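# Sequence below, structure please.
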Amino acid sequence: MEYSKEQKLIPYPASSLWMDCCCDRRAICVSSILLIGFFLTVVGVVIALIFGIPKRPPVNRQCKTIENGTGFLCDDKVTCIIPSELCNGIMNCPSGADEETDMCNNLPNSLPGYLVFRCGNSHNWIFVNRKCDHINDCGDCSDEIGTYASCPPSCAAGWWSCTPVEFQYCSCIPRSLCRDGRQNCHDWSDEYICPKIS
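Predicted structure coming up:
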């Protein structure tokens with residue numbers, strides 16, 4: 001086929017060249033591209049189903065609370081909540097990260113270890129901020145006394161050191177129970193020695 005001078009000077013679009021050399025009909029080309037795209041999508045879905053969708057890498061959420069205790073860092077990287085506010089049905093983090101199903105579905109196993117204290121009875125556990133609070137949260141006082149709990153040996157301000165009568169306390173009672181007319185310590189020191197708070 002012979003071309004005139006005018007025809008030879010007219011630029012031939014690159015897309016037309018591709019269409020001429022690869023596809024005789026445009027509909028066949030578009031269909032084959034869509035078919036290849038569909039095939040790659042199916043392959044991707046099958047691979048995801050076989051190998052699972054990769055989970056996000058774990059985020060370091062350890063922080064210090066206002067009380068200088070171990071806490072849980074929310075997604076905003078500012079809010080630090082005490083461990084016992086996790087998985088309590090109340091969104092304490094602005095984004096609700098403290099109530100995520102993945103974290104709250106298998107307590108305590110789904111929680112980071114630094115948020116959990118295992119009691120002397122290995123079937124019981126408490127959030128770490130409940131340890132060393134002078135309250136018998138474990139039921140066997142393992143969260144308050146002994147080397148495993150690592151609590152300070154003396155009672156905090158506002159508490160009286162004695163062997164409590166009530167199961168609720170381990171080695172200290174609140175000073176508000178002193179001089180209340182009831183025996184709260186085995187040796188009655190809460191009624192005869194403990195100074196009355198004013």
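# Can you report how many residues lie near P83?
Using other C-beta atoms under 10 Å, P83 is surrounded by 24 other residues. Quick note: C-beta positions are derived from backbone N, CA and C, even for glycine.
# Need the mean per-residue confidence for the helix or strand where A48 lies.
A48 is located in helix 26-51, with elements delineated by DSSP states H and E. Summarised as a single mean, pLDDT over helix 26-51 is 80.
# same question, stretch 88-99
pLDDT averaged over stretch 88-99 gives 95.
# tell me which residues of that stretch are tucked away?
92-93, 97-99 (16 or more other C-beta atoms under 10 Å).
# Make TSV out of these and add secondary structure and distance to L115.
Formatted as TSV, these follow (DSSP: H, G, I helix; E, B strand; the rest coil; distance: C-beta to C-beta, whole Å):
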residue	secondary structure	distance to L115
N92	coil	13
C93	coil	14
A97	helix	13
D98	helix	11
E99	helix	14
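# With respect to Y192, which of those is nearest?
Distance to Y192, by C-beta to C-beta, is smallest for N92 among those, at 43.7 Å.
# residues touching that closest one, list them.
Contacts here follow C-beta atoms under 8 Å, 6 or more residues apart in numbering; on that basis N92 touches 74, 79, 81, 85-86, 98.
# Tell me the span between the first and last residue of stretch 166-178.
14 Å (C-alpha to C-alpha, to the nearest Å).
# starting at the chain centroid, how far to it?
Averaging C-alpha positions (C-alpha atoms, centre = their mean, to the nearest Å) puts stretch 166-178 33 Å from its chain's average.
# Give the buried residues for it.
169-175, 177-178.
# do stretch 150-159 as well
In stretch 150-159, counting by 16+ other C-beta under 10 Å, buried: 151, 155, 159.
# would you put the C-alpha positions of it in PDB?
Coordinates of each C-alpha in stretch 150-159 appear next as PDB, following Å, rounded to 0.1, in the frame of the first residue of the first chain:
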ATOM      1  CA  SER A 150       6.400  -7.800  95.600                       C
ATOM      2  CA  CYS A 151       4.300  -5.300  97.600                       C
ATOM      3  CA  PRO A 152       5.900  -2.800 100.000                       C
ATOM      4  CA  PRO A 153       6.100  -4.300 103.500                       C
ATOM      5  CA  SER A 154       4.300  -1.500 105.300                       C
ATOM      6  CA  CYS A 155       0.800  -0.300 104.900                       C
ATOM      7  CA  ALA A 156       0.200   2.900 102.900                       C
ATOM      8  CA  ALA A 157      -1.100   6.100 104.400                       C
ATOM      9  CA  GLY A 158      -4.700   5.700 105.500                       C
ATOM     10  CA  TRP A 159      -4.200   2.000 106.500                       C
END
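# Perfect, I'm done here.
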